[in-house]
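# here is a sequence together with a model predicted from it:
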Amino acid sequence: MMNPQMQNYRQYAPGPGRPSASRRPGQYSSQAEVNYNRDFNAAAQLPILPAHSYEPRAPYPRGMDPRSVNAQAQAQQRQIYEQQMAQRNAAYEHQLAQRRARKPTDRNMPEGVEDVIVGEGVQQYKDLREVERKLDYAMMRKKLDIQDSFNRNGKRQKTMRIWISNTAENQPWQRGPLDENTFDFNTGADSTWKSFSVEYDKARAITSLDPSLQVEWKKQPNTVDVDCFEFQRKGDENLNITINLVRDEKFERFRLSHALASALDMEEADRAEVVMGIWEYVKAMGLQEDEERRTIRCDERLRQIFGTDTFVFPQVADRIMPHLHPLTPVRLPYTIRVDEAYISNPEPTVYDVKITVDDPLRAAKAMAYAQTPASAASLRHISQLDDQIAIIIQAIQQHKAKHTFFKNFAKDPVTFVRKWYASQQHDLSVLLGEAEKGDVAGLEFAKGGKDGVWGSEVVNEAVRYRLAKLDAIR
């Protein structure tokens, strides 16, 4: 019986498409084609666009750039690859650590080897080991001494020669009248000085009128070093001045008090040098307490400095502060001359000033313990030789054990086998975690029956005592 809806469905006239035909696999029926054309007849009337004008359906969600999706996928793959490489490197480092742990390190010749080896090779090896030990000790001590001296604030005293001179222009005996008094100071910097100032004998007449006429310079950060300071002054008469120079120190230096200077035999130093000087003085005079090495006994000189009989050495840095005074600037008197006799044949005034500079051997000391490619290669070669020696010593120990084993076996086979059997039995008990003596259960407690431990009279008596005690409690 046919469905009524299907009857209505067949009443539609066939469309202008393909004629009705029997349905074949992969094809639509004629009725389906009629329904399709009827429902979308409006779309059929639209003009047909060229094939290339149709855009394929995007496989990505709306609003997402395919390139961003590819970048995210690549980032995830890169992250996974990095994690795998990190795990692989960690496993490789673990294997190297295990190899280093298993690597033999003992390079001492076993005892008794010289009795079984022909010649003096063993004694010669021991002598070489002793020489190596002394050489390593001397080199390490010298290296530490050089490093200690390098880390100190090593300074050397040198002499700086300073020339002071002046020129004159537009003087009355040269040309025309003078202009008003002004200064033009061309600043400069030097690695030795951090400030520069000029004092005048006639300060009231010159600087009291205008403070800007004072000559003063202070070093600024990142300033190019020069070797000359220049300033100009307009005037028509000779003038006495004093040039003040303040030294630029990497570590601030101080002028020591009389008591501290007499004890350390130095007039000026920084804090580290003062502390080290006191420590060397204490060691030289033997002023440390026998039991508490930090406690220092004061002699007459230290008593004048610290005002006490004993003190703890870590307090030195705080106790020396009253004895450290700022350094006085270097004062260089000079007369600015503008007369014709001086200008025609000027002669500079020369001063020799003591300054502190870095130790010229500092770079050489740094190279003494700095690792160079040649030294690194030498250390690697020495390490390889040490590893080979350790392997050879291990082989000698094994051969020595074999030699001792067979030698004792040849002397008395029966006694040796008994001792060897007892030793193996003891090792077995140790491996099994069982003891042969004491109150811990051993192999004999594993045996049952009347002949075992559990069938003995002691165990039976203990059981009866335990049961009687329980009955008494009840």
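Perfect, I can see it now.
# ranges for the helices of the stretch 151-300 of the chain?
Using DSSP state H, counting those that start in this stretch, the helices of the stretch 151-300 of the chain run over 203-206, 258-264, 271-285, 300-306.
# I'd like those as a markdown table, with mean pLDDT and mean neighbour count appended.
The way it works is simple: take the backbone N, C-alpha and C, and place the C-beta from them, glycine included. As requested, these are exported to a markdown table (pLDDT from 0 to 100; neighbours: other Cβ atoms under 10 Å):
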| stretch | mean pLDDT | mean neighbour count |
| --- | --- | --- |
| helix 203-206 | 52 | 12 |
| helix 258-264 | 89 | 17 |
| helix 271-285 | 88 | 16 |
| helix 300-306 | 89 | 17 |
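# so for Asp386, which of the ones you listed sits nearest?
For Asp386, the closest of the helices of the stretch 151-300 of the chain is helix 271-285, at 36.4 Å, according to Cβ to Cβ.
# which residues are contacting that closest one?
When contacts are defined by Cβ atoms under 8 Å, 6 or more residues apart in numbering, helix 271-285 is touched by residues 152-153, 251-252, 254, 256, 260, 263-264, 266, 269, 288, 296, 299, 302, 313, 316-317, 320, 324.
# repeat that for stretch 350-367.
Applying Cβ under 8 Å, 6+ apart, the external contacts of stretch 350-367 come out as 146, 149-150, 154-164, 192, 245, 247, 249, 253, 330, 332.
# got a PyMOL select line for the buried ones in the contacts of helix 271-285?
Per 16 or more other Cβ atoms under 10 Å, the buried members of the contacts of helix 271-285 correspond to this PyMOL selection:
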select buried, resi 153+254+256+260+263+264+269+296+302+313+316+320+324
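# so what's Leu96 scoring on pLDDT?
On pLDDT, Leu96 comes in at 70.
# returning to what we had before: just the ones in strands from the contacts of stretch 350-367, please.
Among those, the residues falling in strands (DSSP state E) are 155-164, 245, 247, 253, 330, 332.
# where does the stretch 201-350 of the chain dip in pLDDT?
202-213, 226 (pLDDT under 70).
# apologies, that question was intended for the stretch 51-200 of the chain.
Applying pLDDT under 70 to the stretch 51-200 of the chain flags residues 51-69, 98-102, 150-155, 165-191.
# go again with 90.
By pLDDT under 90, the low-scoring segments of the stretch 51-200 of the chain are 51-123, 136-137, 139-200.
# so which residues of it form strands?
155-164, 183-186, 193-200 (DSSP state E, counting those that start in this stretch).
# please apply the same query to the stretch 301-450 of the chain.
Using DSSP E, counting those that start in this stretch, strands in the stretch 301-450 of the chain cover 310-312, 324-326, 330-336, 349-358.
# now those strands in CSV, with distance to Thr372?
Output for those, formatted as CSV (distance: least, Cβ to Cβ, whole Å):
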stretch, distance to Thr372
strand 310-312, 43
strand 324-326, 40
strand 330-336, 41
strand 349-358, 22
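# among those strands, which is nearest Ile473?
strand 310-312 (64.9 Å).
# who are the packing partners of the closest one?
Judged by 3 or more Cβ pairs under 8 Å, 6 or more residues apart in numbering; DSSP states H and E, strand 310-312 is in contact with strand 295-297.
# packing partners for the strand it packs on?
strand 310-312.
# note down every partner strand of the strand it packs on and its orientation.
As defined by DSSP bridges, the strand partners of strand 310-312 come to strand 295-297 (antiparallel).
# list of residues touching the strand it pairs with?
Outside strand 295-297, the residues that touch it by Cβ under 8 Å, 6+ apart are 282, 287-289, 302, 309-313.
# can I get the helices of the stretch 151-300 of the chain in a markdown table with distance to Gln87?
Shown next, in a markdown table, are those (distance: least, Cβ to Cβ, whole Å):
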| stretch | distance to Gln87 |
| --- | --- |
| helix 203-206 | 78 |
| helix 258-264 | 60 |
| helix 271-285 | 49 |
| helix 300-306 | 61 |
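# out of those, which is closest to Met140?
Set against Met140 and scored by Cβ to Cβ, these come closest in helix 271-285, at 21.2 Å.
# need the CA coordinates for the closest one. PDB is fine.
Output of helix 271-285 as PDB, limited to C-alpha atoms (Å, rounded to 0.1, in the frame of the first residue of the first chain):
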ATOM      1  CA  ARG A 271      90.400  50.200  55.800                       C
ATOM      2  CA  ALA A 272      91.400  46.800  54.400                       C
ATOM      3  CA  GLU A 273      95.100  47.600  54.800                       C
ATOM      4  CA  VAL A 274      94.600  48.700  58.400                       C
ATOM      5  CA  VAL A 275      92.800  45.500  59.300                       C
ATOM      6  CA  MET A 276      95.400  43.300  57.600                       C
ATOM      7  CA  GLY A 277      98.200  45.300  59.200                       C
ATOM      8  CA  ILE A 278      96.700  44.800  62.700                       C
ATOM      9  CA  TRP A 279      96.200  41.100  62.000                       C
ATOM     10  CA  GLU A 280      99.900  40.700  60.900                       C
ATOM     11  CA  TYR A 281     101.000  42.600  64.000                       C
ATOM     12  CA  VAL A 282      98.900  40.300  66.300                       C
ATOM     13  CA  LYS A 283     100.400  37.200  64.700                       C
ATOM     14  CA  ALA A 284     103.900  38.500  64.800                       C
ATOM     15  CA  MET A 285     103.700  39.400  68.500                       C
END
